[in-house]
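**Student:** Predicted structure and sequence below. I'll ask about it afterward.
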Amino acid sequence: MGFFDSLFGRDDRRQWHSFKRKDSDAGEAGRALEELRSSLHNELRTSDGAKRQQQRFCGPVVAMTFNFMVSVGIILGNKLVMGRVGFNFPILLTLIHYACAWILLAIFRTLSLLPVAPPSKSTPFSSLFSLGAVMAFASGLANTSLKHNSSCMHMCSVGFYQMAKIAVTPTIVIVEFILYTRKISFQKVLALLVVSVGVAVATVTDLEFNIFGACIAIAWIIPSATNKILWSNLQQQKNWTALALMWKTTPVTIFFLLALMPWLDPPGALLFKWNAQNATFIFISAFLGFLLQWSGALALGATSATSHVVLGQFKTCVIVLGGYLLFDSDPGIVSICGAIAALGGMSVYTVLNMKEPREKATIEQPPKLPSVKLKNAGEGNKDFS
């Protein structure tokens, strides 16, 4: 040791050992980081793991807030496109939305950002095909009905379209009972009834419509309800994520929109003035359409079809009350009372939804067995539970 002490001082040896410890700590940190990255990659490479990540980062509050904000944006975007730009081809506009969504999803897939889909055996192709077809009718007919039931794009002029939207709520309850024998409590029925009546009073000031637009609105009700139910069921029961389900169903939707376009769109799409400004507004609307589809799918996967409809009606009430409070619009005292009543019904519905999981957890929890004392002459008292 004297030789080493003479060759290296004690301070040098301490410094040498501290360097070794730092290298060891850095190596352990690097290994831990590599293990975390590997586990995260493996988590996203399986459908179960991707579903867990979606549930972790996009719970009900986040998903519904995201969907609410995008919904307001797409309303403004479509008003701009159909009003100022003059693009009066609702099916073609919907087709552009889904085509741009599919291109974005293809980019995600190329960059390995698209979650893995569940095994094909778990979900028959007929279910995915049905969802894609229903989605085309729900989205295309909604835009077509709105165009034909309003001479302008103001909320007060689309009364019949609002009535059709309100009719989606009982349709969902009936279809879910027929397809899945899913029942709804009497308290929820009363809350939904208050919501529907309140929204009707708040928004339906007249029922002026043309025959073609009325037929389109009525035909839209069942596809819209079925679309929401299938999106919610496939995500909650079959472990699908929103993006993976969009990737599988969007090509089918595009095919059916191409088939609907000659029947429902007016002629003259090729003669539209495709300058840089108009194209920019249309593609901004298309990007918002992608966000709307994604956020809607996240909300349906995190909640239910009925809750998603209630969210849409909440947006309508916020627009009515926000216009009155912020922009000095005068919808009338009856409309204001209807919006307030609808918000009250939504609050009750939300409370009932929050109570359900707790009640189920309480019912499923096994009861505690009482402790029993047994007297044993040789060993004394023993406590068994």
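**Tutor:** Yes, it's here.

**Student:** could you pull out the helices for the stretch 1-150 of the chain?
**Tutor:** 2-7, 10-44, 47-57, 60-79, 90-110, 125-148 (DSSP state H, counting those that start in this stretch).

**Student:** how close does the residue nearest to Phe314 when sequence neighbours are not counted sit to Ala117?
**Tutor:** Using C-beta to C-beta, 6 or more residues apart in numbering and skipping residues adjacent in sequence, the residue nearest Phe314 is Met346, 5.5 Å away. Using the backbone N, CA and C atoms, a C-beta is placed for each residue, glycine as well. Distance, Met346 to Ala117, using C-beta to C-beta, to the nearest Å: 34 Å.

**Student:** ditto for Ile254
**Tutor:** For Ile254, the distance to Ala117 equals 18 Å [C-beta to C-beta].

**Student:** And Phe255, by the same measure?
**Tutor:** In terms of C-beta to C-beta, Phe255 sits 19 Å off from Ala117.

**Student:** which of those two has more neighbours?
**Tutor:** The residue with more neighbours, out of Phe255 and Ala117, is Ala117; 20 against 14, by other C-beta atoms under 10 Å.

**Student:** Next, the contact list for the more buried one, please.
**Tutor:** Ala117 sits next to Ser47, Trp240, Ala244, Leu245, Trp247, Lys248 when contact means C-beta atoms under 8 Å, 6 or more residues apart in numbering.

**Student:** Which of these fall in strands?
**Tutor:** Among the contacts of Ala117, no member falls in strands (DSSP state E).

**Student:** mind putting those in a markdown table, neighbour count, distance to Lys79 and pLDDT included?
**Tutor:** Listed next are the contacts of Ala117 as a markdown table, based on neighbours: other C-beta atoms under 10 Å; distance: C-beta to C-beta, whole Å; pLDDT from 0 to 100:
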| residue | neighbour count | distance to Lys79 | pLDDT |
| --- | --- | --- | --- |
| Ser47 | 19 | 38 | 73 |
| Trp240 | 30 | 33 | 91 |
| Ala244 | 24 | 32 | 93 |
| Leu245 | 25 | 29 | 94 |
| Trp247 | 19 | 29 | 95 |
| Lys248 | 21 | 31 | 94 |
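
**Student:** Which one of the residues you listed is nearest to Ser145?
**Tutor:** Ranked by distance to Ser145 (C-beta to C-beta), these are led by Leu245 at 25.2 Å.

**Student:** thinking that closest one is in contact with Ala297, fair?
**Tutor:** Yes: Leu245 is in contact with Ala297 according to C-beta atoms under 8 Å; the separation is 6.5 Å.

**Student:** Now do the shared contacts for those two.
**Tutor:** Counting by C-beta under 8 Å, 6+ apart, the contacts common to Leu245 and Ala297 are Trp231, Gln235.

**Student:** thinking again about what came up before, would you mind giving the contacts of Ala117 as TSV with distance to Pro170 added?
**Tutor:** Formatted as TSV, the contacts of Ala117 follow (distance: C-beta to C-beta, whole Å):
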residue	distance to Pro170
Ser47	34
Trp240	27
Ala244	31
Leu245	26
Trp247	32
Lys248	30
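
**Student:** just curious, which of those is nearest to Leu230?
**Tutor:** Of all the contacts of Ala117, Leu245 has the smallest distance to Leu230: 9.4 Å, by C-beta to C-beta.

**Student:** which ones are touching that closest one?
**Tutor:** Ala117, Leu128, Leu131, Trp231, Leu234, Gln235, Ala297.

**Student:** ok, now how distant is it from Ser307?
**Tutor:** Leu245 is 18 Å from Ser307, where distance means C-beta to C-beta.

**Student:** likewise Ser347?
**Tutor:** Distance from Ser347 to Ser307, counting by C-beta to C-beta: 13 Å.

**Student:** just Thr241 next, same as before
**Tutor:** 19 Å.

**Student:** what does Phe177 give?
**Tutor:** Here Phe177 is placed at a distance of 17 Å from Ser307 (C-beta to C-beta).

**Student:** more crowded one of those two?
**Tutor:** The residue with more neighbours, out of Phe177 and Ser307, is Ser307; 19 against 12, by other C-beta under 10 Å.

**Student:** Now find how far off-centre the strand or helix carrying the more buried one is within its chain.
**Tutor:** Assigned by DSSP states H and E, Ser307 belongs to helix 305-326. When distances are taken as C-alpha atoms, centre = their mean, to the nearest Å, helix 305-326 is centred 16 Å away from the chain's centroid.

**Student:** tell me what it is packed against?
**Tutor:** helix 60-79, helix 159-180, helix 186-203, helix 211-237, helix 276-302, helix 333-364 (3 or more C-beta pairs under 8 Å, 6 or more residues apart in numbering; DSSP states H and E).
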